[in-house]
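S.K.: here is my input, please return the structure:
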Amino acid sequence: MAKLFNDDFLPLNIAVLTVSDSRTEETDTSGQLLVTELTDSGHKNTEKRIVIDDIYKIREITSRWIADEITQVIIITGGTGFTERDSTPEAMIPLFDTTIDGFGELFRQVSFATIGTSTIQSRAVAGLANDTLIFCIPGSTNACRQAWNEIIQSQLDSRHRPCNFAARLKKVSSQNG
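M.R.: All right, here's what the predicted structure looks like:
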């Protein structure tokens, strides 16, 4: 009988994008938290960028990562609220080959304990595009910590049971990763 799961940890190549009109590398606590968490978990941060909240600027960067042979996961922080400038879901949903509906639902359930009914204003989404997993989460550092610790980290761990996303992602040769 074929073995469905590998008992060894599989490090993934993860890019982080902060969507903000005001953050800089010095003030991007959310993006830096995600980089720290993913590297502490054994994954590789392939790139970290900050982009203004503009649909086409967001797509420009993420489309490059989706198309490359290295990036397996993209985590986007910011631009998921209801202000006039929040456009991350509008930028990303058209690029998804498959939407992961359960992610937004679970994120809002998890964040309810922290922010109460304000969680309905979160438009957290996730999907797959060209075998690249994409998570779009709010820009607050606490929301990033909660999303990573309570949802994303385990789903990126190839040892997590009963299922995880690691085997579903694009294959990366050792010279590319």
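
S.K.: which residues in the protein form strands?
M.R.: Using DSSP state E, the strands found in the chain span residues 13-19, 44-51, 73-77, 98-99, 125-129, 132-137.

S.K.: closest to residue 114 out of the ones you listed?
M.R.: strand 132-137 (13.3 Å; CB to CB). No exception for glycine: its C-beta is placed from N, CA and C like everyone else's.

S.K.: report how many residues lie close to the residue nearest to residue 48 when sequence neighbours are not counted.
M.R.: Among residues not flanking residue 48 along the chain, residue 16 sits closest, at 4.6 Å (CB to CB, 6 or more residues apart in numbering). Residue 16: 25 surrounding residues under other CB atoms under 10 Å.

S.K.: adding distance to residue 84 and mean pLDDT, write the strands of the chain out as a markdown table.
M.R.: A markdown table is the format used below for those (distance: least, CB to CB, whole Å; pLDDT from 0 to 100):
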| stretch | distance to residue 84 | mean pLDDT |
| --- | --- | --- |
| strand 13-19 | 14 | 98 |
| strand 44-51 | 17 | 98 |
| strand 73-77 | 19 | 98 |
| strand 98-99 | 24 | 97 |
| strand 125-129 | 19 | 98 |
| strand 132-137 | 18 | 98 |
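
S.K.: surely residue 143 touches residue 137?
M.R.: Yes. Using CB atoms under 8 Å, residue 143 is in contact with residue 137, at 6.0 Å.

S.K.: give me the more crowded residue out of those two.
M.R.: Legend: neighbour count by other CB under 10 Å for residue 143 and residue 137, higher for residue 137 (30 against 23).

S.K.: wait, the more buried one sits on residue 147?
M.R.: Yes. Between residue 137 and residue 147 there is a contact at 4.5 Å, judged by CB under 8 Å.

S.K.: distance of the residue nearest to residue 112 when sequence neighbours are not counted from residue 31?
M.R.: What sits nearest to residue 112 in space, not counting adjacent residues and going by CB to CB, 6+ apart, is residue 119, at 4.8 Å. To residue 31, residue 119 is 22 Å away according to CB to CB, to the nearest Å.

S.K.: neighbour count for those two, which is higher?
M.R.: Neighbours were counted for residue 119 and for residue 31 using other CB under 10 Å; residue 31 has more, 26 against 18.
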